[in-house]
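# Provided below for reference: sequence and predicted model.
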Amino acid sequence: MSLRLSVIGTGYLGATHAACMAELGFDVIGLDVVQGKVDLLNDGQVPFYEPELEEVLQRNIQAGRLRFTTSFQEAAEFATVHFICVGTPQQSGSYAADMTQVFGSVSSLAPHLKSGDLVVGKSTVPVGTATAIAEQLALAAPGVDLAWNPEFLREGFAVQDTLEPDRLVIGVRSGPAEATLREVYAPLIAKGTPFLVTDFPTAELVKVAANSFLATKISFINAMAEVCEAAGADVVQLAEAIGYDTRIGNRFLNAGLGFGGGCLPKDIRAFMARAGELGAEEALTFLREVDQINLRRRSHTVDLAAHELGGVLRGKNICIFGATFKPDSDDVRDSPSLDVAVALANAGAVVVVHDPKGTVNAERVYPTLTYSTDITKAATDADLIIHGTEWMDYREIDPRELIAVVRTPNIIDARNKLDIDVWRSAGWNIRALGRPAA
């Protein structure tokens, strides 16, 4: 392939994109300002857990199609298409996105770009960012074009979502930019992936609009879980029944502890902030309640734990199954399960957290909690277990064996993934969010 690509930023998005573009046959150079991360990647190691990614990374490094650098000049001289994949975290003390890395990476790259190069934004940004970057490039790098190509990766499925996406969206202002991206994504387009061409603002809005819809759907079923608990109904059966309606569908109708992670919460908050800046704040006021319903699931789980323990948390041994915000990841950012663990510890409980992949990251963020890498040891002498992350490891536990090590066989299924009948028949008192008590 004649095109050569650079990927600026080697976090979750950038490392995945770089490795997968190389997997498609391109020569790719990834860039990061952190030397240690670059060294790790060049050694074929991924600094976070994502299924299949390390194998793809190593295969393409060995094939000579992929390498990493800290030099913007080297990246610019090597490639003609440059993907911006840096982070846009939530600003401290504000709902708005922190755009420092986006504009900073463009500023560092621009002096080294060649006329005819294409810069492609993939980071999730407030609408209007692409126009601002186009103006920045017009001054700093005349003759360089810009496109916006939002990412739609799910942690745990990032490789699949890159190599087999359900759609490709590009925002462009020129025919050459569209033609270049059609060439980049030719292998995927040939397999039938829908390729949507839009303007800049529409492309920027696609990701945040999709995330807002998903967050709304999740919070809707969690609001129904609150009603079900008050009415003595079963939210799992309710979700199944309404999910058969083709206008609604059954995906993301899993009531439980709610969503977390580094994308969904901060993206909907940044969307609200940007809508306010544009004078359209009232259009997204519903997202505030979506956010509040989501956060309320965490405090409700703490309250339920207290109820199951007779109103007393202080001195009680509580085991938390799961530290990551979702399974098949080591990401603990805005983890609902960890939030519950911290709240219980603050209330005086003795908390032990287990997770198959996220223990190291959890210890870094919450060093005062106790962690165990062994499920049985984590549950030993527990007065209560809370199933907070839906790892398959927890669904496969034999409750008849686990009951032998706990002090009191109480468990809260905060993800509605355990078989209630099996656990009850094994002698457990099990409560599940949005479902009737025994």
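Everything's here; your move.
# make it CA atoms for all contacts and neighbour counts henceforth
Will do.
# list of residues touching stretch 431-438?
The contact list for stretch 431-438 (CA atoms under 8 Å, 6 or more residues apart in numbering) reads 222, 224-229, 232-236, 255-257, 301, 411-416, 430.
# cutoff 6 Å now
If you take CA atoms under 6 Å, 6 or more residues apart in numbering as the criterion, stretch 431-438 is touched by Ala225, Cys228, Glu229, Gly232, Asp234, Val235, Gly256, Ile412, Asp413, Ala414, Asn416.
# now render the residues you listed as JSON lines, adding pLDDT and neighbour count.
Listed next are those as JSON lines, based on pLDDT from 0 to 100; neighbours: other CA atoms under 10 Å:
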{"residue": "Ala225", "pLDDT": "97", "neighbour count": "26"}
{"residue": "Cys228", "pLDDT": "97", "neighbour count": "19"}
{"residue": "Glu229", "pLDDT": "95", "neighbour count": "17"}
{"residue": "Gly232", "pLDDT": "95", "neighbour count": "13"}
{"residue": "Asp234", "pLDDT": "97", "neighbour count": "19"}
{"residue": "Val235", "pLDDT": "97", "neighbour count": "28"}
{"residue": "Gly256", "pLDDT": "96", "neighbour count": "27"}
{"residue": "Ile412", "pLDDT": "98", "neighbour count": "22"}
{"residue": "Asp413", "pLDDT": "98", "neighbour count": "24"}
{"residue": "Ala414", "pLDDT": "98", "neighbour count": "26"}
{"residue": "Asn416", "pLDDT": "96", "neighbour count": "22"}
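# and those residues, which is closest to Leu66?
Set against Leu66, the nearest of these by CA to CA is Gly256 (40.7 Å).
# looking at the chain, which helix is longest?
Scanning the chain for the helix with the most residues, using DSSP state H, yields helix 200-231.
# can you read off the pLDDT for the closest residue to Asp330 other than its chain neighbours?
With sequence-adjacent residues excluded and distances taken as CA to CA, 6 or more residues apart in numbering, Asp330 is closest to Gly358, at 4.2 Å. You'll see Gly358 listed with a pLDDT of 96.
# which SSE is immediately downstream of the longest helix of the chain?
Next helix or strand after helix 200-231 toward the C-terminus (DSSP states H and E): helix 235-243.
# and that next one with helix 200-231, angle?
Helix 235-243 runs at 130 degrees relative to helix 200-231, counting by axes from the mean of the first three to the mean of the last three CA atoms, to 10 degrees.
# now do the buried residues in helix 235-243.
For helix 235-243, burial by neighbour count (16 or more other CA atoms under 10 Å) applies to Val235, Val236, Leu238, Ala239, Gly243.
# kindly report the same for stretch 152-168.
Buried-residue list, stretch 152-168, by 16+ other CA under 10 Å: 152-153, 155-156, 158-163, 165, 167-168.
# please convert those to JSON lines, extending it with pLDDT and secondary structure.
JSON lines is the format used below for the buried residues of stretch 152-168 (pLDDT from 0 to 100; DSSP: H, G, I helix; E, B strand; the rest coil):
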{"residue": "Phe152", "pLDDT": "95", "secondary structure": "coil"}
{"residue": "Leu153", "pLDDT": "94", "secondary structure": "coil"}
{"residue": "Glu155", "pLDDT": "92", "secondary structure": "coil"}
{"residue": "Gly156", "pLDDT": "92", "secondary structure": "coil"}
{"residue": "Ala158", "pLDDT": "96", "secondary structure": "helix"}
{"residue": "Val159", "pLDDT": "97", "secondary structure": "helix"}
{"residue": "Gln160", "pLDDT": "97", "secondary structure": "helix"}
{"residue": "Asp161", "pLDDT": "97", "secondary structure": "helix"}
{"residue": "Thr162", "pLDDT": "97", "secondary structure": "helix"}
{"residue": "Leu163", "pLDDT": "97", "secondary structure": "helix"}
{"residue": "Pro165", "pLDDT": "97", "secondary structure": "coil"}
{"residue": "Arg167", "pLDDT": "98", "secondary structure": "coil"}
{"residue": "Leu168", "pLDDT": "98", "secondary structure": "strand"}
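# in the chain, which spans are strands?
With DSSP state E as the criterion, the chain has strands at 4-8, 27-31, 66-69, 81-84, 118-121, 145-148, 168-172, 195-198, 317-321, 350-354, 370-372, 384-387, 410-413, 429-432.
# out of the ones you listed, nearest to Leu309?
Checking the strands of the chain against Leu309 by CA to CA gives strand 384-387 as the closest, at 7.7 Å.
# doesn't Ile386 make contact with Ile412?
Yes - the criterion here is CA atoms under 6 Å, and Ile412 meets it with Ile386 at 4.8 Å.
# what's across from Ile411 in the sheet?
Ile411 has the following beta-bridge partners by DSSP bridges: Ile385, Ile430.
# quick one: residues contacting it.
By CA under 6 Å, 6+ apart, the neighbours of Ile411 are Leu384, Ile385, Ile386, Ile430.
# 10 Å instead, please
Ile411 is in contact with 305, 308, 318-320, 382-387, 423, 428-432, counting by CA atoms under 10 Å, 6 or more residues apart in numbering.
# go on, Arg333?
Going by CA under 10 Å, 6+ apart, Arg333 touches Gly260, Gly261, Gly262, Cys263, Ala323, Thr324, Phe325, Asn361, Ala362, Val365.
# need those in JSON lines (columns: distance to His354 and neighbour count).
Below are the contacts of Arg333 laid out as JSON lines (distance: CA to CA, whole Å; neighbours: other CA atoms under 10 Å):
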{"residue": "Gly260", "distance to His354": "18", "neighbour count": "22"}
{"residue": "Gly261", "distance to His354": "18", "neighbour count": "17"}
{"residue": "Gly262", "distance to His354": "21", "neighbour count": "18"}
{"residue": "Cys263", "distance to His354": "23", "neighbour count": "20"}
{"residue": "Ala323", "distance to His354": "7", "neighbour count": "33"}
{"residue": "Thr324", "distance to His354": "10", "neighbour count": "31"}
{"residue": "Phe325", "distance to His354": "13", "neighbour count": "28"}
{"residue": "Asn361", "distance to His354": "12", "neighbour count": "17"}
{"residue": "Ala362", "distance to His354": "10", "neighbour count": "23"}
{"residue": "Val365", "distance to His354": "15", "neighbour count": "13"}
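# could those be laid out in TSV, adding distance to Pro51 and pLDDT?
Shown next, in TSV, are the contacts of Arg333 (distance: CA to CA, whole Å; pLDDT from 0 to 100):
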residue	distance to Pro51	pLDDT
Gly260	19	96
Gly261	17	94
Gly262	18	90
Cys263	19	91
Ala323	17	98
Thr324	15	97
Phe325	16	97
Asn361	17	96
Ala362	19	97
Val365	23	95
